[in-house]
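Colleague: Below are the sequence and a predicted model; questions follow.
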Amino acid sequence: MKYSIAFAVATATVANAGYCSDAFEEFGNFFCPNAVKQIKYTGLDIPGKYRAVSQMTDSGECSFEDKDYSGPIAPFDEDITLHFRGPLELASVAVYTPSKGKRDVPKPHSKRHGHQHLHKKYHEQEAEKRADNVVATIDGKVVSWENNYFGPSTTAPEATAAVNAAAAAVSSVASAVKSGVESILKPSSSSSASVPAGDFERIAYYNAKEQVADGLVFLGNLGDPAISGTWDTVWGSSLAYANEDGTKAAASPTILKEGLIDDSTEIIIASDKECNGDCGTVRPGSVAYKGFEGANKVFLAEFTMPLSGKTGWNMDMPAFWMLNGAIPRTGQYSKCSCWAGDNASPQQGGCGEADIIEILRTGDTKAKSTFHFAAGTGDSHYFDRPTDKPMKVAVVFQAASSTASIKVLDDDYDFSTSLTSDQVEDLINDESTPSLFSLMSFAS
């Protein structure tokens, strides 16, 4: 969350300093002497409850209601959003969930032009209705085409101009729209893979260099009523679509460009499933998308955290963390969210934050991991901050073992379109070198 996290992290690290007998303190944070390549958290199957937002109004009203949770990895089986703060160069992200059986998995649709925009995946073979620059009936169905939304086209701009010029051009518009829709809905025969039941399919993917994105959207706390999301003096900025460098609101889903995310910038990644009255309470006027849900899921990320040399609040303190998706949809940086709970009760706390790789002090090169919820804990072991070359990391939530694992991967690990069950087991299995492995328990 980053607005009250400093105290929470310090408390957790003090409590867990005993996990290595020779831990040392630096500026209120405890560290074990050596970096590790894996931190595994077990015993996640502890029931609890948190305060869910039941109502949020523009006038400042925020009401809560208790929400119970239970299950092998609850509350982290609820939808999760990914958060990245600079200085950070995000190279790639992939999200995997269990396959329900053999089916074709289309590869991402890529755009290679300035101010690139994303489109929603068409699992149900329906084109999303956007602004009606062009509207036509094709094969008995009404479809609409927004100029440039689905990427470069040699026909759509001409067709739009023709519509504006004369009604006689409607047939050419229909042809252009049909061609565009078919290109989106029809996957290439050479770009699909069969994913057997029991294995994991890639449901979301981003590659910065290739400017490929699929199954996800880039958001930020950047609300601007004139562009996307909202802003007011009560709650500040809501979620909005992020522009290509994550610094301002965009009018529609936009691909994050390759390059450095600044120290003061935070990028949020959600799924491409827009909320439609099924996400609980959402701040009025906010852009709202679901995160990635399920009791079994794998997140792969590749990034660099270069030293910026900047000083001041949150400067040169990059981080990669995850939040319960309900938090940013209400108020990530306000008190109207499910992040905080009544910790006077051991069975009540927040709805879930997982700090994966986080720098806690300006310019430090030791990255900590901490889980925040009723049974939260943190580890005094640390990961080396990837200052000069990319780090690939796997975050795995596994229901069968009630485990969450964070593991540094080999440089050549492939973010392929699917993972076998054996590959997922390898990701969560203990690091072979004991000195590079740390085991924590939520139950202790």
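Modeller: That came through fine.

Colleague: rest of the way, CA atoms for contacts and neighbours
Modeller: Fine.

Colleague: So which elements touch the longest strand seen in the chain?
Modeller: Of all segments of type strand in the chain, defined using DSSP state E, the longest is strand 88-98. With contacts taken as 3 or more Cα pairs under 8 Å, 6 or more residues apart in numbering; DSSP states H and E, strand 88-98 sits against strand 200-207, strand 260-261, strand 297-304.

Colleague: quick one: which helix or strand includes Ser423?
Modeller: Small correction: residue 423 is Gln, not Ser. helix 421-428 (DSSP states H and E).

Colleague: would you put the C-alpha positions of that helix in CSV?
Modeller: Extracted C-alpha coordinates of helix 421-428, given in CSV (Å, rounded to 0.1, in the frame of the first residue of the first chain):
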residue,chain,number,x,y,z
SER,A,421,2.2,-29.4,-13.9
ASP,A,422,5.8,-30.6,-13.4
GLN,A,423,7.1,-27.2,-14.4
VAL,A,424,4.9,-25.5,-11.8
GLU,A,425,6.1,-28.0,-9.2
ASP,A,426,9.6,-27.1,-10.0
LEU,A,427,8.8,-23.4,-9.5
ILE,A,428,7.5,-24.1,-6.0
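
Colleague: got a markdown table for the helices and strands packed on strand 88-98, with mean neighbour count and distance to Ala94 too?
Modeller: Below are these laid out as a markdown table (neighbours: other Cα atoms under 10 Å; distance: least, Cα to Cα, whole Å):
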| stretch | mean neighbour count | distance to Ala94 |
| --- | --- | --- |
| strand 200-207 | 24 | 4 |
| strand 260-261 | 20 | 19 |
| strand 297-304 | 22 | 5 |
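
Colleague: now these as JSON lines including distance to Phe24 and mean pLDDT?
Modeller: Shown next, in JSON lines, are those (distance: least, Cα to Cα, whole Å; pLDDT from 0 to 100):
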{"stretch": "strand 200-207", "distance to Phe24": "38", "mean pLDDT": "98"}
{"stretch": "strand 260-261", "distance to Phe24": "31", "mean pLDDT": "98"}
{"stretch": "strand 297-304", "distance to Phe24": "26", "mean pLDDT": "98"}
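
Colleague: how about the strands in the stretch 301-444 of the chain?
Modeller: Using DSSP state E, counting those that start in this stretch, the strands found in the stretch 301-444 of the chain span residues 319-324, 353-359, 366-372, 377-384, 391-398, 403-408, 418-419, 437-441.

Colleague: and the second one with strand 391-398, angle?
Modeller: Between the direction of strand 353-359 and that of strand 391-398, the angle (axes from the mean of the first three to the mean of the last three Cα atoms, to 10 degrees) works out to 160 degrees.

Colleague: ditto for the third one
Modeller: Orientation note: strand 366-372 sits at an angle of 20 degrees relative to strand 391-398 (the same axes, to 10 degrees).
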